[in-house]
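**Q** sequence and predicted structure are below.
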Amino acid sequence: MKLLTWNLNGYRAIQKKGLEQILSLIDAQIACFQETKAQPDQIEMDEYLYPYTYINSAMKKGYSGTMIASLEPAQRVVYGLGIEELDQEGRVITAYFKDFALVTVYTPNSQNGLKRLDFRQKWDEAFAAYCKSIDRPVLICGDMNIARTPLDIWDEKDGIGAAGYSMEERSSFENNLMDDFVDLFRELYPEKRQYSWWNYKTRGRDRNEGWRIDYWLASKELLPKVRSVQILDDVFGSDHCPVVLDIDLEF
């Protein structure tokens, strides 16, 4: 099975740039999206491409949002974490299939000056507890808004103390998630330097000055089933690129 995760930085904007053609070429059985910035009635997906779509939109229009599109229906779908304070921005969808649960997430950014760090840390703790409570093997994907190590950022000096690379955020990510789940790209490619996000404002993609902040995580028992993880940095349309997981699972 091939699964895709992609922060679109606006579903409607990228749809005008050929989203469905790109998805057709990648040919994933399930596609997960973050930062859709759209309400359900503003999202149109070719039903021949993905007949089943699950959408979690933010209360604030034009902000955040997640989506799962699938060739087959999920057995059950859960929106959010079940915590009202954290569920206003449409950041999580969980789709249950026969052999696994799939969680897509758009992790809150701590913002300039780390002014939203407290919210981010509360989120990390609640999100990890939620994922650990799921009663079957779990795949987690999405924009985690964290570069885990110096290999995941083009220049460590660029990130010191900044949102997405602060010591507080990295410690929170490791302590809450990484004892129970595996970072599949880093597990397969321990020394590889490749990025999934580039700063629009500085034209970072032109020079490949990026960060790896889009992930596939998995329960440890799923690791033997993983075939590959590919960061498709030659696919454009967003300031992020798709990350594709190939894994021996079925609907």
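**A** Sure, I can see it.
**Q** kindly format the C-alpha coordinates of stretch 183-199 as PDB.
**A** Extracted in PDB, the C-alpha atoms of stretch 183-199 (Å, rounded to 0.1, in the frame of the first residue of the first chain):
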ATOM      1  CA  ASP A 183      10.400   8.000  12.600                       C
ATOM      2  CA  LEU A 184      10.400   5.900   9.500                       C
ATOM      3  CA  PHE A 185      12.500   8.100   7.200                       C
ATOM      4  CA  ARG A 186      15.200   8.500   9.700                       C
ATOM      5  CA  GLU A 187      15.100   4.800  10.600                       C
ATOM      6  CA  LEU A 188      15.600   3.800   7.000                       C
ATOM      7  CA  TYR A 189      18.100   6.600   6.100                       C
ATOM      8  CA  PRO A 190      20.000   7.400   9.300                       C
ATOM      9  CA  GLU A 191      22.500   9.800   7.600                       C
ATOM     10  CA  LYS A 192      20.400  11.200   4.700                       C
ATOM     11  CA  ARG A 193      19.800  14.900   4.500                       C
ATOM     12  CA  GLN A 194      16.600  15.800   2.700                       C
ATOM     13  CA  TYR A 195      14.000  18.400   3.300                       C
ATOM     14  CA  SER A 196      10.200  18.700   3.000                       C
ATOM     15  CA  TRP A 197       9.600  22.400   3.600                       C
ATOM     16  CA  TRP A 198      11.300  25.600   2.400                       C
ATOM     17  CA  ASN A 199      10.700  29.200   3.300                       C
END
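**Q** helix, strand, or coil at the closest residue to Gly62 other than its chain neighbours?
**A** Distances taken as Cβ to Cβ, 6 or more residues apart in numbering put Lys37 closest to Gly62, at 5.2 Å, once the chain neighbours are dropped. C-beta coordinates here come from the backbone N, C-alpha and C atoms, glycine included. Three-state call for Lys37 (DSSP: H, G, I helix; E, B strand; the rest coil): coil.
**Q** where does the protein have low pLDDT?
**A** Residues of the chain meeting the criterion pLDDT under 70: none.
**Q** so the residue nearest to Gly62 sits against Ile14, correct?
**A** No: applying Cβ atoms under 8 Å, one finds Lys37 not in contact with Ile14, separated by 9.9 Å.
**Q** now for the two: what residues contact both?
**A** Common contact partners of Lys37 and Ile14 (Cβ atoms under 8 Å, 6 or more residues apart in numbering): Leu8.
**Q** all the strands of the stretch 51-200 of the chain, residue numbers only.
**A** 52-56, 66-70, 76-79, 92-96, 101-106, 138-143, 181-183, 197-198 (DSSP state E, counting those that start in this stretch).
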